[in-house]
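Undergrad: here is the input, now give the coordinates:
(chains A, B and C)
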Amino acid sequence: MAEAIALIDCNDFYVSCERVFAPRLLGRPVVVLSNNDGCVISRSEEAKRLGIGMGAPYFKSRRVIEEHGVAVCSSNYELYGDMSRRVMCALREFAPEVDVYSIDEAFIRLGGRGGRGLEEQGLEIRKKVRAWTGIPVSVGIAPTKTLAKLAARHTRTETKSSGVLDLTGADVQEAVLGATEVREVWGVGPSHASLLNEAGISTARELRDADVRWVRRRLSVVAARIVEELRGVQCLPFEECPRARRSVTCSRSFGELTGSLEDLRDAVALYAERAAERLRRAGCAASVVTVFVLTDRHAAAPQYGNSATYELASPTDTTGELAWWAQRGLTQIYRRGYLYKKAGVILGGLRPAGALSMRTHGDEQFERARRAMRAVDALNRRHGRDTVRCGLPRAPDGRWPTKLLLRSPRYTTRLDEVLRV
DNA sequence: TCTGGGGTCCTAGGACCC
DNA sequence: TCTGGGGTCCTAGGACCC
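TA: Purely as a prediction, here's the structure:
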């Protein structure tokens, strides 16, 4: 049996995570909101049927949510991240190499295993992941990643479906591609979809059969690769090892607007700290620091947005140094008289932190700072985030605790929040 | 009143070089 | 009359993903 690629896609992932620990949410419409309870970012099937849009502002769906008694959860990324790790662990039982694509999706390779068919293997994966983690998944099986994505999506939207679709056969490919709109193809966004539609290409099958040179010219090389992938030619490699990160961002919209530099300083200090923590967890050091501020683009008030970027003489992974540059940038770009909605810190020029020993050698101050970071990280890992903080924040948790009024307990990662029976 | 956060890659155009 | 040709690097902005 020829090798095939399977995409395992968790259904309505954030909602499903909430349901694992709160069975009262089963069978009823549920949505999960973004930070500040701003947008709907995950919906149960029941909620989708009520017409609640993906990414739609919460306040716009509020009426339908109240009318139909939709359960509403603030996002709980600690829980989702941990559940994701469990799902990926389960998948490793089926294939040694798992290509983790996002928090709720992964590719694995499927071959002939003891003569069992691909669909049968897909059903077993689905059953086991469900049993071990409580998360329902869809499985798409095909010769390429793009076709596997298409298969998983198709089986999820079909009303009578086993949750598994084997798209390796020519006939089933023909039928499914013909029934899939081009804008549903992975990598085709709204802009490319309307361009393709104008050219008379409206289904995935028509895109597959389009002139690849024309697609290359009018869209991009990425789009040309999609065409090849739809034809069954592998262009997107299976990635056994996670690719090296290129940047780390920490940014937030504020619960309320502010015009004060002091407020922005607090926010930027917190974001720099968070970004630096993530940087160290990834085992990286950064040599480029960017800080940005933005006003509320939805407001009628005067708009302003700016950023400052610094290239560091030598890379670092210490919070103090990174935060210093972020503050310096903030001083540069801050303008009085505007009401700010959002700020953020981006760390770039990433490289493995191991190479820092070059710099450490002979730089005692830097060496001390790095030892301090290791100690701080260890304490925070052991006793919970923000047990130790860097610098002197005005408020223990920043000025704007992100609004998370409806967040569920972090069942799997906080001892004081475990499920009580 | 109320619109998230974190990423990647590609392209076009300008600056600059020989 | 008649203005080369080819290359690299950088950046901003666009498009897409979840």
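
Undergrad: for stretch A:176-196, which positions count as buried?
TA: With burial defined by 16 or more other CB atoms under 10 Å, the residues of stretch A:176-196 counted as buried are A:176, A:177, A:180, A:182, A:184, A:185, A:186, A:188, A:192, A:193, A:196. (C-beta placed from N, C-alpha, C; glycine too.)

Undergrad: how far does that stretch sit from its chain's centre?
TA: The chain centre lies 22 Å from the centre of stretch A:176-196; the measure is CA atoms, centre = their mean, to the nearest Å.

Undergrad: neighbouring contacts of that stretch?
TA: A:145-146, A:149-151, A:153-154, A:165, A:167, A:197, A:201-208, A:210, A:218-219, A:222-223, A:226, A:230 (CB atoms under 8 Å, 6 or more residues apart in numbering).

Undergrad: hang on, the earlier thing: so which of the buried residues of stretch A:176-196 would you say is closest to DNA strand C?
TA: DNA strand C has its nearest neighbour among these in residue A:192, at 3.1 Å by CB to the nearest atom of the strand.

Undergrad: circling back to that earlier point, just the buried ones among the contacts of stretch A:176-196, please.
TA: So, by 16+ other CB under 10 Å, the buried ones in those are A:145-146, A:149-151, A:153-154, A:165, A:167, A:201, A:203-205, A:207-208, A:210, A:219, A:223, A:226, A:230.

Undergrad: out of the buried residues of stretch A:176-196, which are inside helices?
TA: Per DSSP state H, helices hold the following members of those: A:176, A:177, A:192, A:193, A:196.

Undergrad: neighbours around residue A:220, how many?
TA: Under the neighbour criterion other CB atoms under 10 Å, residue A:220 is assigned a count of 13.

Undergrad: nope, residue A:91 is what I meant
TA: Residue A:91: 22 neighbours (other CB under 10 Å).

Undergrad: spatially nearest residue to it (excluding sequence neighbours)?
TA: The shortest distance from residue A:91 to any non-neighbouring residue, by CB to CB, 6 or more residues apart in numbering, is to residue A:98 (5.0 Å).

Undergrad: go ahead and confirm that neighbour touches residue A:92.
TA: Yes - assessed by CB atoms under 8 Å, residue A:98 is found in contact with residue A:92 at 5.6 Å.

Undergrad: compare the two (neighbour count), which wins?
TA: Higher neighbour count among residue A:98 and residue A:92: residue A:98, with 22 against 12, using other CB under 10 Å.

Undergrad: so how far is residue A:42 from the residue in chain A positioned nearest to DNA strand C?
TA: Closest contact between chain A and DNA strand C, by CB to the nearest atom of the strand, is at residue A:189 (1.9 Å). Here residue A:189 is placed at a distance of 20 Å from residue A:42 (CB to CB, to the nearest Å).

Undergrad: same question for residue A:20.
TA: Applying CB to CB, the value for residue A:20 to residue A:42 is 13 Å.

Undergrad: who's more crowded, those two?
TA: residue A:42 (22 against 18).

Undergrad: still on that earlier bit, quick check: the residue nearest to residue A:91 vs residue A:27, distance?
TA: Per CB to CB, residue A:98 is found 31 Å from residue A:27.

Undergrad: one step back: if we check DNA strand B, which of the contacts of stretch A:176-196 are in contact?
TA: residue A:222 (CB under 7 Å from any atom of the strand).

Undergrad: can you tell me the SS state at residue A:200?
TA: What DSSP: H, G, I helix; E, B strand; the rest coil gives for residue A:200 is coil.

Undergrad: residue contacts, it?
TA: Taking CB under 8 Å, 6+ apart, one finds residue A:206 in contact with residue A:200.

Undergrad: how much space between it and residue A:179?
TA: Using CB to CB, residue A:200 is found at 18 Å from residue A:179.

Undergrad: sorry, back to before: mind putting the buried residues of stretch A:176-196 in TSV, pLDDT included?
TA: Converted to TSV, the buried residues of stretch A:176-196 look like this (pLDDT from 0 to 100):
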residue	pLDDT
A:176	98
A:177	98
A:180	97
A:182	97
A:184	97
A:185	98
A:186	98
A:188	97
A:192	96
A:193	96
A:196	97
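
Undergrad: can you redo those residues as TSV with distance to residue A:264?
TA: Listed next are these as TSV, based on distance: CB to CB, whole Å:
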residue	distance to residue A:264
A:176	51
A:177	50
A:180	46
A:182	44
A:184	41
A:185	42
A:186	38
A:188	39
A:192	37
A:193	39
A:196	43
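
Undergrad: which one among those residues gets closest to residue A:5?
TA: Using CB to CB, residue A:186 is the member of the buried residues of stretch A:176-196 that lies nearest residue A:5, at 12.7 Å.

Undergrad: list the buried residues in stretch A:25-43.
TA: A:25, A:29-37, A:39-43.

Undergrad: list just the nearest of those residues to residue A:369.
TA: Closest to residue A:369 out of those is residue A:35 (30.7 Å), distances taken as CB to CB.

Undergrad: what about the strands in the stretch 1-150 of chain A?
TA: Counting by DSSP state E, counting those that start in this stretch, residue ranges of the strands within the stretch 1-150 of chain A are A:4-10, A:30-33, A:40-43, A:71-74, A:98-102, A:105-110, A:137-142.

Undergrad: for the fifth one, which positions count as buried?
TA: Within strand A:98-102, the residues that count as buried by 16+ other CB under 10 Å are A:98, A:99, A:100.

Undergrad: and it, what other elements does it pack with?
TA: Helices and strands touching strand A:98-102, by 3 or more CB pairs under 8 Å, 6 or more residues apart in numbering; DSSP states H and E, are helix A:77-92, strand A:105-110.
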